[in-house]
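> I need the structure of the sequence given here:
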Amino acid sequence: MNLSHLPLAIDFDYVRDWLGVVRWLHVMAAIMWVGITAYFVLVDNALEPPDAEGRADGIEGQRYWLHGGGFYFMRRYDTGPKELPPNVAWHPQTYAYTTWVSGFALLIIVYYWKAGTYLVDPNVADISAGVAVLISVAVLALGWLVYDGISRLLAGREALLGVILVIIIIASAFGLSHVYGSRGMVIQLGALLGTWMAGNVLLVFQPAHRRQYAAKQNHTKMDPVWVHRSRQRGAHNTFLALPVLFAMLGIHFSFVSGSPHAWQGLIIIMLVGAALRYFFVRRQQGRVLWAIPVGALAVCVALALWLAPPSAPQAPALAKAGATDGSSQTPGDGAAVAAGRRVFATAGCGSCHTLADAHSSGTVGPNLDQVKLAPQLVVQRVTDGIGAMPSFKSQLSPQEIQSVADYVASVAGH
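Numbering: from 1, shown residues only. Next up, the predicted model:
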């Protein structure tokens, strides 16, 4: 193998890009974790009361299933079967651990490695990269302690606990929005809630399973505190799943990560996700609450209108000229500049670049208010990408790229 083309010096950005492949593992593990959780919630909600013989055997619920060309018979025991079989399979927790470990690895690779670019926003808080990383780690650790402590303290008062947890999540988003840029805030809140979920698996579900298994082996009853705690945290993980998934993907939605109202938009969508999860849970229990998806749609429409970028004023003379002579839009005219302003807002450019005309304050890429760019250079950068900036040629049409280039060239450097 000829390696003579390789540089002698290590290109750490290239290495970092390869390490970023761990995102593949993270997404795969998250899919399996959420899928397993959703499956057991479905089974629990679909079980039917057993017959007299089943009740005598300690069966709490049972159901026949038809799937993949075969019949399955599911049973749930309250305290376990009379005789404990030697081959009991435990809930596969490896998916949860893999999701959290790979997610934290991504935090290190993507955000901690270049915290000065991806976490710190001087317009929000003038802190060093090291301080930003320390705050992030502290939020994860202290966040779990607060969540776990309050959940134990309010055991049995689940409605009150739910309200308080929602308040904590809202307060966390608000606080993080005053420490990090919008991208950092989104991913940090997702990591916090993901830590709650993984912590429940490691520090609640697993110990409860061990206690339950040992109690059955010793013919004793399990401490009811652990039974209640497991069910409590299982409900939490069920309703946190969709909000956490959106936070994982939130940085790819410019209407959130590039909005001046990023934390409010994120919280609203998270609440919509939790509500939709509740809709599906109740549907599995036989009750269809159509008001939830209808209300969720209405909230999303209202949110879209609220977060919509401001209308772009057109250059009157050029736009009018283009309209009166019947000619098609050409690069450089007023209509193209106006269209480019819309592309800049909707494609997420503002989440990485500062540009006063677009009301954006991103700090990942160059500050466009400080440089004067030729349209041809912008076209090249948007089409091919450079460094941390990806190529947009698969997302934007050539006309859209030309429009955003005309727009940036007309307002940058002012």
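> quick one: low-confidence ranges for the stretch 151-300 of the chain?
Low-confidence segments of the stretch 151-300 of the chain (pLDDT under 70): 254, 258.
> Tell me which stretches of it form helices.
158-177, 182-200, 206-217, 224-249, 254-257, 262-284, 291-307 (DSSP state H, counting those that start in this stretch).
> Nearest to residue 130, out of the ones you listed?
helix 182-200 (14.4 Å; CB to CB). Every residue, glycine included, has its C-beta placed from N, CA and C.
> Return the closest one as PDB; C-alpha atoms alone will do.
What follows is helix 182-200, C-alpha atoms only, in PDB (Å, rounded to 0.1, in the frame of the first residue of the first chain):
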ATOM      1  CA  SER A 182     -28.400  28.500  20.400                       C
ATOM      2  CA  ARG A 183     -26.700  25.400  19.000                       C
ATOM      3  CA  GLY A 184     -24.900  24.700  22.300                       C
ATOM      4  CA  MET A 185     -28.100  25.300  24.300                       C
ATOM      5  CA  VAL A 186     -30.100  22.800  22.200                       C
ATOM      6  CA  ILE A 187     -27.500  20.000  22.400                       C
ATOM      7  CA  GLN A 188     -26.800  20.600  26.100                       C
ATOM      8  CA  LEU A 189     -30.500  20.400  27.000                       C
ATOM      9  CA  GLY A 190     -30.800  17.200  25.000                       C
ATOM     10  CA  ALA A 191     -27.700  15.700  26.800                       C
ATOM     11  CA  LEU A 192     -29.200  16.700  30.100                       C
ATOM     12  CA  LEU A 193     -32.500  14.900  29.500                       C
ATOM     13  CA  GLY A 194     -30.600  11.900  27.900                       C
ATOM     14  CA  THR A 195     -28.600  11.700  31.100                       C
ATOM     15  CA  TRP A 196     -31.800  11.500  33.100                       C
ATOM     16  CA  MET A 197     -33.000   8.600  31.000                       C
ATOM     17  CA  ALA A 198     -29.700   6.700  31.100                       C
ATOM     18  CA  GLY A 199     -29.400   7.300  34.800                       C
ATOM     19  CA  ASN A 200     -32.800   5.800  35.300                       C
END
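> quick one, it and helix 206-217 angle?
Here helix 182-200 runs at an angle of 10 degrees relative to helix 206-217 (axes from the mean of the first three to the mean of the last three CA atoms, to 10 degrees).
> tell me what helix 182-200 is packed against?
Secondary-structure packing of helix 182-200 (3 or more CB pairs under 8 Å, 6 or more residues apart in numbering; DSSP states H and E): helix 94-106, helix 129-153, helix 158-177, helix 224-249, helix 254-257, helix 262-284.
> For residue 397, see how far away the residue lying closest to residue 99 once chain neighbours are set aside is.
In this structure, residue 99 finds its nearest non-sequential neighbour in residue 29, 4.3 Å apart by CB to CB, 6 or more residues apart in numbering. Taking CB to CB, to the nearest Å as the criterion, residue 29 is separated from residue 397 by 36 Å.
> which of these two has more neighbours?
Set residue 29 next to residue 397 and count neighbours by other CB atoms under 10 Å: residue 29 wins out with 20 against 10.
> Contacts only, for that one.
Residue 29 is in contact with 95, 98, 99, 102, counting by CB atoms under 8 Å, 6 or more residues apart in numbering.
> correct me, but residue 139 touches residue 190?
No: look at residue 139 against residue 190 with CB atoms under 8 Å: they stay out of range, at 11.8 Å.
> which of the two has more neighbours?
residue 190 (23 against 19).
> Not counting residues beside it along the chain, what's closest to the more buried one?
residue 247 (2.7 Å).
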